[in-house]
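*Asks:* this one's structure only:
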Ligand code: 4NP
């Protein structure tokens, strides 16, 4: 496979998918995997904003870098550009499936399909406390490792 292009998607693109972008970029680099990574939201309310300070504080304390990230909404061209579009929860996956043009070759999946954990959605931490952001990181770290294994098998 050519350099895989992966888009992580949540609702606002300020908490979960920017965390997935930062964690996966770090882990893919450590694993020597050459990938293109981006993230986006199914909603556009936070367009242009940097990630939520709570998500960045939790991620930075585990060594992840959020530099250069700004929120954007999913665009039609994403369905042609990306090989994998990975949703944080079922609602976002349904939104993506409803919107994907027939011509799209992108694999639309739940990100936690690649996880060993017994969960299929990354819970929305936006209205909760700090431990919600730690849980998001735990799930995303696990799924990132699974996705790296998957991509290595294909390369
Ligand atoms: P995210 O979290 O989808 O993980 O970025 C949210 C961010 C903002 C909102 C909801 C979820 N919001 O309702 O504004």
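*Replies:* Looks like it arrived, so ask away. Owing to the predicted nature of the structure, the values given are computational and were not obtained by experimental measurement.

*Asks:* how about the closest residue in space to residue 133 that isn't next to it in sequence, what does it touch?
*Replies:* Sequence neighbours aside, residue 58 is the residue nearest to residue 133 in space, at 3.9 Å (criterion: Cβ to Cβ, 6 or more residues apart in numbering). Every C-beta, even on glycine, is put in place using the N, C-alpha and C of the backbone. Residues near residue 58 by Cβ atoms under 8 Å, 6 or more residues apart in numbering: 19, 130, 133-134, 136-137.

*Asks:* around the ligand, pick out the residues from this structure.
*Replies:* 10-16, 45, 124, 126 (Cβ under 6 Å from any ligand atom).

*Asks:* about what we covered before: helix or strand for the residue nearest to residue 133, which one?
*Replies:* Taking DSSP states H and E as the criterion, residue 58 maps to helix 53-61.

*Asks:* what does residue 127 give?
*Replies:* Counting by DSSP H and E, residue 127 is found in no helix or strand.

*Asks:* burial check on it, number of neighbours?
*Replies:* Residues within reach of residue 127, counting by other Cβ atoms under 10 Å, total 6.

*Asks:* which residues touch stretch 78-95?
*Replies:* Under Cβ under 8 Å, 6+ apart, the answer for stretch 78-95 is 1, 4-11, 16-17, 20, 38, 40, 42, 96, 99-101, 103-111, 114, 120-124, 147.

*Asks:* and residue 39, bridged to which residues?
*Replies:* residue 8 (DSSP bridges).

*Asks:* show the pLDDT at it.
*Replies:* Here the pLDDT value assigned to residue 39 is 98.

*Asks:* wait, it touches residue 11, no?
*Replies:* No - here residue 39 lies out of contact with residue 11, judged by Cβ atoms under 8 Å, at a distance of 11.7 Å.

*Asks:* more neighbours, the two?
*Replies:* The neighbour count for residue 39 versus residue 11, taken as other Cβ under 10 Å, is higher for residue 39 (26 against 21).

*Asks:* show me the residues of the chain next to the ligand that map onto helices.
*Replies:* residue 16 (DSSP state H).

*Asks:* between which two of the residues of the chain next to the ligand is the distance greatest?
*Replies:* 16 and 45 (14.8 Å; Cβ to Cβ).
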